[in-house]
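Novice: only geometry, no sequence info:
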């Protein structure tokens, strides 16, 4: 240390001045410094917390987020859940067009296509053969409940986001696969 530098001591709560005398620090200055440090620390914590809160985490979403691909399923610790979901979506007859050929093996876009197609087939079945707007609206309200808890949540989000497109497609008698391709869930 330099001689004559101001050095606070543990006992005096003061410092030696460069002119040889001891000066006392006021308690307000010491308290104020402590509060300033605490406030600065809290500010840093809030900024870091806010920065982390703004980063989207696929693991915080639902099955559509977790099961978008195998890497995300693994990252979120949802491999078994996603395999079960993909298997349930792939239960169908490929010859009838219920499931696309690669859907059983390829998670991701193929699974989203299967999910969308399954949901729209359920809605179409509930709306009837030649549905009017009222029948379609009633089917949109009931179909998601009929799909169970897991698929029901995904169904509700799909219907909420694409309600107009789905309603129009059902009234026009469009095929569910074509409708899902039009809204980007299946390859055209």
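Specialist: That came through fine. Fair warning: this is a prediction, and the values are worked out from it, not measured in the lab.
Novice: look at the nearest residue to residue 128 once chain neighbours are set aside and report its pLDDT.
Specialist: Leaving out its chain neighbours, the residue that sits closest to residue 128 by C-beta to C-beta, 6 or more residues apart in numbering is residue 135, at 5.6 Å. To be clear about C-beta, it is placed using only N, CA and C from the backbone, and glycine gets the same treatment. We have a pLDDT of 86 for residue 135.
Novice: and residue 135, what element?
Specialist: helix 133-146 (DSSP states H and E).
Novice: please apply the same query to residue 121.
Specialist: Counting by DSSP H and E, residue 121 is part of helix 109-127.
Novice: does residue 36 count as helix, strand or coil?
Specialist: Following DSSP: H, G, I helix; E, B strand; the rest coil, the label given to residue 36 is helix.
Novice: number of residues surrounding it?
Specialist: Around residue 36 there are 10 other residues, counting by other C-beta atoms under 10 Å.
Novice: distance check, it against residue 46.
Specialist: 16 Å (C-beta to C-beta, to the nearest Å).
Novice: my read is that the residue nearest to residue 128 contacts residue 125, right?
Specialist: No: applying C-beta atoms under 8 Å as the test, residue 135 and residue 125 come out as separate, 11.6 Å apart.
Novice: intersection of neighbour lists for those two?
Specialist: Overlap of the contact sets of residue 135 and residue 125 (by C-beta atoms under 8 Å, 6 or more residues apart in numbering) is empty.
Novice: mind listing the strands for the chain?
Specialist: 14-16, 22-24 (DSSP state E).
Novice: I'd like the average pLDDT over the first one.
Specialist: Right, the one you point to is strand 14-16. 55.
Novice: and what of stretch 85-100?
Specialist: On average, stretch 85-100 scores 47.
Novice: and the end-to-end length of stretch 168-187?
Specialist: 20 Å (C-alpha to C-alpha, to the nearest Å).
Novice: I would like the residues contacting that stretch, please.
Specialist: Contacts of stretch 168-187 (C-beta under 8 Å, 6+ apart): 97, 100, 109, 112-113, 115-117, 120-121, 123-124, 127, 130-133, 136, 139, 162, 165-166, 188.
Novice: mind doing that once more with 10 Å?
Specialist: With C-beta atoms under 10 Å, 6 or more residues apart in numbering as the test, stretch 168-187 has contacts from 97-98, 100, 109-124, 126-133, 135-137, 139-140, 158, 161-162, 165-166, 188.
Novice: alright, calling it a day.
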